[in-house]
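**Student:** Attaching a predicted model along with its sequence, questions to come.
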Amino acid sequence: MRDATNLSWKLATVLAGQAQDSLLDTFETERHDHAKAMIDLSMTFGNIIKPTNRVVCGARDLASRALNLSPRVKDYFADMRFKPMPFYAKGVVVAPDTLVAGEQPRKRTSGFMTVKNAVEKSTPVGKQFPQPRVNTAEHTGARLDDVTGTWWTVAAWGNDPARLFTDEERAQLRHMGARFVSFMSETQRPWAEAEYAGSGTLVVGDVDGALKGWFDKHAVGVVFLRPDRFVGATCLAQESGRALAALRTAMSATAVPAVQLAEVAA
């Protein structure tokens, strides 16, 4: 399923003229390591399940019964938390602190105070974004994806992301089919809806604090969500334009037609 979603949005992007054919090369770059990890896991479990030697099978069953005595271990296996989670170190990603296009380290090593104070030192880029229940003016308790749509999303915590870009950058985002989203605590959502009226930004109320927790943990202000809902880039608000430029480089984006530039400027 992840292979399909990874490839499908890239095919659609190329066919829509939003990126060059080289975007398709990132499919193997991003999916190879995770596919290999899943195959290795399957082979390992096969080796555990398929032995025919009675002594080996008896030892396996005895170890399994012993492990089941621990609720924590039992839940670990029941919830399949042993499965390797996908992480894209290369491809359509932007390093969160250096804003280098196309590749990033697993750990953030920046000397910026925001990074030093971040609870989570691993990069949020190249990982899946959380999927909490949220509120909007039209939806209550809806899944985040159901209100933000199925394409690019540029979201900011406690800010209107539409105000963070120049006219030309907004034209680039429109060409990508991106949507502006502002995450707010639910108590502030009515105020933000009135404050940001006319900007085209969707205001999303954080019902249970999951979104605020994500931004606090990673010490970022803006996130660029890809159509497959992996994080393509993150940055501080003042670096939004640079992050967009790097992201467009990573995805081999095509130039914005002059007519779209004129529409945004108007």
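**Tutor:** Looks like it came in fine. Residues are numbered from 1 along each chain as shown.
**Student:** looking at this structure, which helix or strand is least sure?
**Tutor:** helix 113-116 (a mean of 64; mean pLDDT, DSSP states H and E).
**Student:** Tell me the helix or strand right after it.
**Tutor:** strand 133-135 (DSSP states H and E).
**Student:** Residue 35: what's it in contact with?
**Tutor:** For residue 35, the contacting residues are residue 3, by C-beta atoms under 8 Å, 6 or more residues apart in numbering. Any C-beta I mention is one placed from the backbone N, CA and C, and that applies to glycine too.
**Student:** Quick check: buried residues in the strand or helix carrying it?
**Tutor:** Per DSSP H and E: residue 35 is located in helix 26-49. Within helix 26-49, the residues scored as buried using 16 or more other C-beta atoms under 10 Å are 26, 27, 29, 30, 31, 34.
**Student:** I'd like the distance from it to the chain centre, please.
**Tutor:** The chain centroid and the centroid of helix 26-49 are separated by 21 Å, computed with C-alpha atoms, centre = their mean, to the nearest Å.
**Student:** If you count contacts, what does the next helix or strand after that helix end up packed against?
**Tutor:** Next helix or strand after helix 26-49 toward the C-terminus (DSSP H and E): helix 54-68. If contacts are counted by 3 or more C-beta pairs under 8 Å, 6 or more residues apart in numbering; DSSP states H and E, helix 54-68 sits against helix 71-78.
**Student:** Following element in sequence after the helix it packs on, please.
**Tutor:** Sequence order places strand 90-94 as the next helix or strand after helix 71-78, per DSSP H and E.
**Student:** just to revisit the earlier point, can you list the buried residues of helix 26-49 in a markdown table and add pLDDT and distance to residue 98?
**Tutor:** Shown next, in a markdown table, are these (pLDDT from 0 to 100; distance: C-beta to C-beta, whole Å):
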| residue | pLDDT | distance to residue 98 |
| --- | --- | --- |
| 26 | 96 | 19 |
| 27 | 96 | 25 |
| 29 | 94 | 19 |
| 30 | 94 | 20 |
| 31 | 91 | 24 |
| 34 | 79 | 24 |
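**Student:** out of those, which one sits closest to residue 130?
**Tutor:** residue 34 (18.7 Å; C-beta to C-beta).
**Student:** wait, what's in contact with the closest residue to that closest one other than its chain neighbours?
**Tutor:** Using C-beta to C-beta, 6 or more residues apart in numbering and skipping the chain neighbours, the partner closest in space to residue 34 is residue 86 (4.2 Å). Listed by C-beta under 8 Å, 6+ apart, the contact set of residue 86 reads 2, 31, 34, 127, 128, 230.
**Student:** Isn't the fifth one up against residue 232?
**Tutor:** No. Under the contact definition of C-beta atoms under 8 Å, residue 128 does not touch residue 232, with a separation of 11.6 Å.
**Student:** Which one's more surrounded, the two?
**Tutor:** Neighbour comparison, residue 128 and residue 232: the larger count goes to residue 232, with 26 against 16 (by other C-beta atoms under 10 Å).
**Student:** Pretty sure that one sits in a strand.
**Tutor:** Yes. Judged by DSSP: H, G, I helix; E, B strand; the rest coil, residue 232 forms part of a strand.
**Student:** Nothing else from me, thank you.
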